[in-house]
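Chemist: Everything below, folded, please.
(one chain, ligands or ions: 1)
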Amino acid sequence: MNKKWNGGKNNGISQLAECSNFYAARNFQPIWYQGPPISNGLKATNLAMNQFTRMIRDNGFRRVPKAKIDYRIPFPITSSTIRGETAFRQTGVPLSFIINPTQLDRVEVNNVVLAGSMFHAWLHRAGFQDPKTTSYFISEAPMCVMRGNQRKTPSLPDTALYQFFD
Ligand SMILES: [Zn+2]
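Modeler: This next block holds a predicted model:
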């Protein structure tokens, strides 16, 4: 946030945007988006963060239905931790998602894994779409969160991270 804010000019590049821009190559636009084409991960990250801001603001001022956290074991069982339904519009979307309670018992599902998983779920709420694989924005941005915005290393393959997405 400090880097993006850039002392009040708000024209900097966040570490998240830098990381997403480096890795993401596809599906940069939310379903509802009708502006000029989004061509890179930097613009997609800024758009996503603006939409999160709108959604959190609308939630706080009760302009949208209350966000609900449901708990449900997926059938068939998957390694997904948090699931968010893809939203088809920009406004009136609650931040609701569904937790898979069986995953919370696994020791490797730590707070960083959950933060990335929530980021992925909320990107769905912001209108971004799967697939949840390498090079797609909806995967690369949350994986950046899970790596602390660091570069990829062979010791931590993408599959080890996006297995937790839905
Ligand atoms: Zn997904």
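Chemist: Got phi/psi on Ile99?
Modeler: The main-chain torsion angles of Ile99 are listed as degrees, to the nearest 10 and equal phi -100, psi 140.
Chemist: Please, which helix or strand holds Arg54?
Modeler: According to DSSP states H and E, Arg54 maps onto helix 41-60.
Chemist: Pull the distance from that helix to the chain's centre.
Modeler: 10 Å (Cα atoms, centre = their mean, to the nearest Å).
Chemist: Strands of this protein, residue ranges please.
Modeler: Assigned by DSSP state E, the strands in the chain fall at 69-71, 82-83, 97-99.
Chemist: Tell me if the shortest one is near the ion.
Modeler: So that's strand 82-83. No: using Cβ under 5 Å from the ion, strand 82-83 stays clear of the ion, coming no nearer than 7.6 Å. In short, each C-beta sits where N, CA and C put it, glycine included.
Chemist: what are the pairing partners of that strand, and which direction each?
Modeler: Strand 82-83 pairs in its sheet with strand 97-99 (antiparallel), by DSSP bridges.
Chemist: Not counting its own residues, what contacts the partner strand?
Modeler: Strand 97-99 has contacts (Cβ atoms under 8 Å, 6 or more residues apart in numbering) with Ile69, Asp70, Tyr71, Arg72, Thr81, Ile82, Arg83, Gly84, Met118, Ala121, Trp122, Arg125.
Chemist: Now the fourth one. Nearest residue, chain neighbours left out?
Modeler: Going back to what we said before, that points to Arg72. Among residues not flanking Arg72 along the chain, Ile98 sits closest, at 5.3 Å (Cβ to Cβ, 6 or more residues apart in numbering).
Chemist: Before we move on, what's the pLDDT of that neighbour?
Modeler: With respect to pLDDT, Ile98 scores 97.
Chemist: With Asp105 instead?
Modeler: 88.
Chemist: Could you check how far Asn10 is from the ion?
Modeler: 29 Å (Cβ to the ion, to the nearest Å).
Chemist: repeat for Tyr162
Modeler: For Tyr162 relative to the ion (Cβ to the ion), the value is 9 Å.
Chemist: next one: Arg106
Modeler: Applying Cβ to the ion to Arg106 and the ion gives a distance of 19 Å.
Chemist: And for Tyr136?
Modeler: Taking Cβ to the ion, one finds Tyr136 at 9 Å from the ion.
Chemist: for the chain, which spans come out with low pLDDT?
Modeler: Filtered on pLDDT under 70, the chain yields no residues whatsoever.
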